[in-house]
Every structure is written in C-alpha cells, then in structure tokens.
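Student: next one to model:
(chains A, B and C)
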Amino acid sequence: MAQMASKSLTSAAILLLLLLDWSATPTVARVRNRHRPCKRMVFYFHDILYNEHNAKNATAAIVGAPAWGNTTILAGQNHFGNVVVFDDPITLDNNLHSPAVGRAQGFYLYDKKDVFTAWLGFSFVFNSSEHKGSINFAGADPLMNKTREISVIGGTGEFFMARGVATLMTDAFEGEVYFRLRADIRLYECW
Amino acid sequence: MAQMASKSLTSAAILLLLLLDWSATPTVARVRNRHRPCKRMVFYFHDILYNEHNAKNATAAIVGAPAWGNTTILAGQNHFGNVVVFDDPITLDNNLHSPAVGRAQGFYLYDKKDVFTAWLGFSFVFNSSEHKGSINFAGADPLMNKTREISVIGGTGEFFMARGVATLMTDAFEGEVYFRLRADIRLYECW
Amino acid sequence: MAQMASKSLTSAAILLLLLLDWSATPTVARVRNRHRPCKRMVFYFHDILYNEHNAKNATAAIVGAPAWGNTTILAGQNHFGNVVVFDDPITLDNNLHSPAVGRAQGFYLYDKKDVFTAWLGFSFVFNSSEHKGSINFAGADPLMNKTREISVIGGTGEFFMARGVATLMTDAFEGEVYFRLRADIRLYECW
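Tutor: Numbers count the residues shown, from 1 in each chain, chains lettered A, B, ... in the order given. Below you'll find the predicted structure:
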C-alpha cells in the first residue's frame, strides 16, 4: 500500500514539475475568478471639448470628421465619423477641480448614425504618489446606456500585464462641451 | 517508506495550496491549448462606404485623409492615410439582407502606399437573443491576402475577458463601396 | 499511516485532474513570471513623416488635425490633435538602410497640449525567414521620457496569443521628419 502510494506520489510530483517552472522564483500558476477582481479602483475623468471659445480649458479636440462635417463643431447624424483626441484629468471624486491623480489620454470616435455611440482607445497614465504606471483600454461605448463596459487590454508599471473590465458611467454633462465619466475598473489578472 | 510518502505528500499539498486560492469558489487554474479553441463562431459583416451617392445606405465614412486626399473619395497611393469609421451589420450568413445579430463598430485605416493594407480597431457588439456582450479586436489587415489574422484583445458580457484570434476573409466586394468580410473567431481564453 | 497517505493522494490526484484538462494534448497550465520574459527581442523602426518635400521617402503622413491645424504641417501646442498613419521599416540594428525584417504599421496621435505625448495603436508585421506573424501594440507614449512602456495586446502566427510589454526609446531624430525608435519587446505569455 505504502509503495503504491509512493509510486503515485512520484507521478504527482512529476505533474507538479510540469505545472511549475522550478528554475525561477517567484513562480505562481495563474488562478482566475470572475467573481472577485484582484484589484478594483474607481476614478472620474473630465472631458472638455474644444468649441472655439474655450481654448484655454479644453482638454479634447475634434481631429477627424466625415465629408458632411468639420473639426470645429460635432457633425450631424449623432456625430457619426467625428474623431476626438483627449487629455483629460483623472480625479478621485466627481469634482473637476480636485487634484488630478493622472491623465486619461487617447481618442474616441462616434460610430453610429442613429444614436450616440462611440469607440474608445485610451490609457490612464499615473505618475503620482498614489499610482505609477498605465492602464490601457479599448472597446465600444454605447454612451446612451446608463453603464457600459470596455476592456482593460494591458498595463505597465504598477499595472504590469493587467487585464480586466471597466464600467463607464456618464456622471454629468453640460451641452456638448463637458462630459464627466466615472470609471469602475476591475482587474482580473494582476501580476 | 509510508512516512516518507506522507512527508512528500505534505509538500505536494502545500504546492497545491500555492497553486489554488482556496478562499474563493469557483477557482480554476487556467489551462491552455492552442489546438482547441474554447469557443468558435463565424460571422459576416458588411461595410458600405459613403461616396456622396449612398447617404441612406452607407455604414461607413472616410473621416481622415492625408494632405493629398479628402474625405469624399479614397486617396491615391492605395488609400494610404485614409481613416474610415464604421457601424456595420453582422449577419450569420453572407446575405446583407439577413437579420443583423449585432454591429461591427470602430475604425480602419489604410497604412501602406504600395499595396492595400489596413489596421483595424473595432468591436462586435451583440444585444440579441443569440449573444449579449462585446468582443474587442485589434490588428493588421493585409487585405490582399486571402486570409489574415487579427487579435481578440478582450470582451465583455458573454465574452467577459475573452482572448483569441479572428481570421478575416474578404468574402465579396463591389468596387470601393461594398465589402463583405467573413470573421472566423476562435477564443482560446474563456472565463 | 499509509492509508491516510493514500487517501490524501487521491484528493491530490483529483485536484490535479481539475487543474489539467486530460482530454487534449498538449495541455499545460499557464505559469507566470514577471522577472523572466518567455521571449525577448529588440528591433528598430524608422518613421519618416511626409512634409510636402519627401513624397518618395515618407513612411508616415498626418491624416487628422485639430481646428487650428492641417494635414501638411504638425500643429502648434505640441501637435495636440495630430493623427499620423505610418508604415515604417523594422530593422535589426539602428541603420535605416539595413534590410527590413518587417513593417511597423498603424497610427499615433499627439494628445497633450503642453508637452509632446502620443498614443499608439500599431502592429509589427513580419513575413521573413526570421519571423512570420504579427505583434499588436497599444498604449501611451510620453515621448519626452527617455524610455516608456506600452502593452503587447496580442499576436498571430509565431506570436500567437502573445502578451507582454515593449519599452520604447527614441534612438535618434532629425527635426520633425525622421524618428528612429528602439523597441525592446518582452513577452510574458507565449503559447
């Protein structure tokens, strides 16, 4: 009995050796759990779109437009075809004037003619005492929905190799100039 | 002998505890297999590019162009520099008039002067009885090749945290106005 | 004692069965190690921006600009809002005239008013004796920093399902026309 146990034990040990790479430390096999993120953070970011009258405060500008539009005013047909580049302050609460803990940088484009819908490619870039590193995002943003989800596709520094999901919510807006977004970031892969 | 077995067994158990995180359920270590996707789906999507005469039917529009081009007609030099935003219907078969099961939304840009080649950033967005959620894609599309592969970089809802590869094929085209693409999506990470 | 060992052994075996998927081969549980990439490669790529006088040599062109700019010359305010599409040769050393082993294809956009900062979405596309396949990148590029990190968000062919980080360094530049970037790519997920 003991011998059989010992034999099976050898097999188990070999399997473990296959599973783990002993030559390096620390080495931990990845474990996944869709019900419990390994990291969760909530931030707000503030988008002020350039409109010819707010050059000083604007954090975003239209840089692409369809044949029926231009780069000064958002186009008709629910802004279909407008491309916007942004560098928005990130704050911990919903106050535009709170100290920025980072910048949301990248672009969005409006991509539907019959309803406001956007596609996002951007990063949260942190270089503060709270966070150092970046989180990269991509995904569809059907912005008329109360909440919508985009993907965390990677990260650097503190967020090295991160993956996850961010839930966006339009927390406030003023006309077509100011948009405040709430981002509830849940990482499910943390290294 | 039994004692030795018991001792090694303890080590094995500790290793397993390191491997798995017992405090949460369900917790399953990730297993990978490049020869067997965990999910495979085939879709078609239909791109109708705005050309001044098809405002009603167009699903895509030129929104960026190089100095030698404009947003009404695709530029010379294999459209190098043209950026196109799209909101294309997704169908289960190759018929443009089949019921759409979702929308392909995002952008492509032509990025080579001496041959048609594009770069894609887009999502498949589903909200039907068949599928609910989104799949996010990015990658190079050397569209003169019969087939080419792009990355699935994330997903939400039913496709939470998905990763994989999609093989694109130009199934049909008419001039420079209509393009039908076949997407064979293979996910290798499913949560 | 032996019996107890045998019993625990059974539990261990069941756990191993949960860890591994026996019905397919090869099946290896993923192991991660942030201190040792599974693949590391260094490349250079060369960006020559179109400026009306270099049509023949240019590998990149401005395709988007804010209201205060145009697609011929990079805009003021640190080029905020300029979108550039590129198809740059990739070389193994820092010589523009070395044989290209692939092409860096995609876009960058300048996204900050008070300092040069960009956001990148592009691929390394290889089809040579050295490498066949593509690597897809996304991330913020604060290009005034000596080094900065972006994410490897996926890959195809030889780089199937790759994830990792790339450190970019501006190796040389001439005015606002020629930029040579060094990319130190470290993959931490290899299939």
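
Student: all contacts plus neighbour counts: C-alpha atoms, from now on.
Tutor: Fine.

Student: ok, A:Asp111 touching B:Gly106?
Tutor: Yes. Assessed by Cα atoms under 8 Å, A:Asp111 is found in contact with B:Gly106 at 6.4 Å.

Student: which neighbours do the two share?
Tutor: Listed as contacting both A:Asp111 and B:Gly106 by Cα atoms under 8 Å, 6 or more residues apart in numbering or on different chains are A:119, B:85-87.

Student: and A:Asp114, how many neighbours?
Tutor: 10 (other Cα atoms under 10 Å in any protein chain shown).

Student: just checking, it touches A:Gly76?
Tutor: No. If you go by Cα under 8 Å, A:Asp114 and A:Gly76 don't touch, sitting 10.1 Å apart.

Student: list the contacts of the residue nearest to A:Gly69 when sequence neighbours are not counted.
Tutor: Once flanking residues are discounted, A:Gly69 sits nearest to A:Ala75: 4.9 Å by Cα to Cα, 6 or more residues apart in numbering or on different chains. By Cα under 8 Å, 6+ apart, the contact list for A:Ala75 reads A:65-66, A:68-69, A:81-82.

Student: show me which of the residues you listed are buried.
Tutor: Among those, those buried by neighbour count (16 or more other Cα atoms under 10 Å in any protein chain shown) are A:65-66, A:69, A:81-82.

Student: could you dump the residues you listed to a markdown table with pLDDT?
Tutor: A markdown table is the format used below for the buried ones among the contacts of A:Ala75 (pLDDT from 0 to 100):
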| residue | pLDDT |
| --- | --- |
| A:Ala65 | 96 |
| A:Pro66 | 97 |
| A:Gly69 | 95 |
| A:Gly81 | 97 |
| A:Asn82 | 97 |
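
Student: among the residues you listed, which are in helices?
Tutor: Per DSSP state H, helices hold no members of the buried ones among the contacts of A:Ala75.

Student: return the member of those nearest to C:Phe160.
Tutor: A:Gly81 (32.4 Å; Cα to Cα).

Student: break chain A down into its domains, please.
Tutor: Following automatic domain parsing, one finds the domains of chain A at A:1-32, A:37-189.

Student: just checking, which of the shared contacts of A:Asp111 and B:Gly106 belong to strands?
Tutor: Counted as lying in strands by DSSP state E, out of the shared contacts of A:Asp111 and B:Gly106, are A:119, B:85-87.

Student: out of the residues you listed, which are close to chain C?
Tutor: Among these, no residue is within reach of chain C (Cα under 8 Å from any Cα of the partner chain).

Student: from the chain's centre, how far out does the host helix or strand of A:Gly121 sit?
Tutor: Counting by DSSP states H and E, the element that carries A:Gly121 is strand A:118-127. How far strand A:118-127 lies from its chain's middle: 6 Å, per Cα atoms, centre = their mean, to the nearest Å.

Student: which residues in chain A form strands?
Tutor: Counting by DSSP E, the strands of chain A are A:28-29, A:31-32, A:39-48, A:60-64, A:83-91, A:102-110, A:118-127, A:132-141, A:147-157, A:163-174, A:178-189.

Student: of those, which approaches C:Asn54 most closely?
Tutor: strand A:60-64 (23.9 Å).

Student: for that closest one, buried residues please.
Tutor: So strand A:60-64, judged by 16+ other Cα under 10 Å, has buried residues A:60-64.

Student: and stretch A:117-131, by the same measure?
Tutor: A:117-126.

Student: likewise for stretch A:173-183?
Tutor: For stretch A:173-183, the neighbour count (16+ other Cα under 10 Å) marks A:178-183 as buried.

Student: switch those residues over to a markdown table; also include distance to chain B.
Tutor: A markdown table is the format used below for the buried residues of stretch A:173-183 (distance: Cα to the nearest Cα, whole Å):
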| residue | distance to chain B |
| --- | --- |
| A:Tyr178 | 23 |
| A:Phe179 | 21 |
| A:Arg180 | 22 |
| A:Leu181 | 19 |
| A:Arg182 | 18 |
| A:Ala183 | 15 |
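
Student: now those residues in a markdown table, with pLDDT?
Tutor: Below are the buried residues of stretch A:173-183 laid out as a markdown table (pLDDT from 0 to 100):
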| residue | pLDDT |
| --- | --- |
| A:Tyr178 | 97 |
| A:Phe179 | 96 |
| A:Arg180 | 98 |
| A:Leu181 | 98 |
| A:Arg182 | 98 |
| A:Ala183 | 98 |
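
Student: and these, which is closest to A:Arg148?
Tutor: When the buried residues of stretch A:173-183 are compared for distance to A:Arg148 (Cα to Cα), A:Ala183 comes out closest, at 9.9 Å.

Student: residues in contact with the closest residue in space to that closest one that isn't next to it in sequence?
Tutor: Nearest-residue entry for A:Ala183: A:Leu168, 4.7 Å, with adjacent residues in sequence omitted and distances by Cα to Cα, 6+ apart. Applying Cα under 8 Å, 6+ apart, we find A:Leu168 in contact with A:147-150, A:181-184.

Student: which secondary element of chain A has the worst mean pLDDT?
Tutor: When each helix and strand of chain A is scored by mean pLDDT, DSSP states H and E, strand A:28-29 comes last, with a mean of 50.

Student: run through the bridge partners of the spatially most central residue of chain A.
Tutor: For chain A, A:Phe137 is the residue whose C-alpha lies nearest the centre (Cα atoms, centre = their mean; 3.6 Å). Note on A:Phe137: beta-bridge partners by DSSP bridges are A:Phe122, A:Val152.

Student: then the one 4 residues further on?
Tutor: Residues found in beta-bridge contact with A:Asp141 (criterion: DSSP bridges) are A:Ala118.

Student: any idea how far it is from B:Ile90?
Tutor: Noted for A:Asp141: a distance of 18 Å to B:Ile90, by Cα to Cα, to the nearest Å.

Student: then A:Asn51?
Tutor: Separation of A:Asn51 from B:Ile90 (Cα to Cα): 35 Å.

Student: give me the number of residues near the nearest residue to A:Leu120 once chain neighbours are set aside?
Tutor: Leaving aside its chain neighbours, A:Leu120 sits nearest to A:Tyr108 (4.5 Å; criterion: Cα to Cα, 6+ apart). Per other Cα under 10 Å, the neighbour tally for A:Tyr108 reads 23.

Student: contact partners for A:Tyr108?
Tutor: A:83-85, A:118-121.

Student: next, format those as CSV and append pLDDT.
Tutor: Below are these laid out as CSV (pLDDT from 0 to 100):
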residue, pLDDT
A:Val83, 98
A:Val84, 98
A:Val85, 98
A:Ala118, 98
A:Trp119, 98
A:Leu120, 98
A:Gly121, 98
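
Student: quick one: average pLDDT of stretch A:124-138?
Tutor: Averaged across stretch A:124-138, pLDDT comes to 96.

Student: quick one: it to chain centroid distance?
Tutor: What separates the centre of stretch A:124-138 from the centre of its chain is 10 Å, taken as Cα atoms, centre = their mean.

Student: try stretch A:140-148
Tutor: On the basis of Cα atoms, centre = their mean, stretch A:140-148 sits 14 Å off its chain's mean C-alpha point.

Student: which residues does it contact?
Tutor: Under the contact criterion Cα under 8 Å, 6+ apart, stretch A:140-148 has outside partners A:115-120, A:149-150, A:167-170, B:105-106, B:122-123, B:125, B:134, B:136.

Student: that stretch: which residues count as buried?
Tutor: A:140-143, A:147-148.

Student: same thing with stretch A:87-101?
Tutor: Neighbour-count burial for stretch A:87-101 [16+ other Cα under 10 Å]: A:87-92, A:94, A:96, A:100-101.
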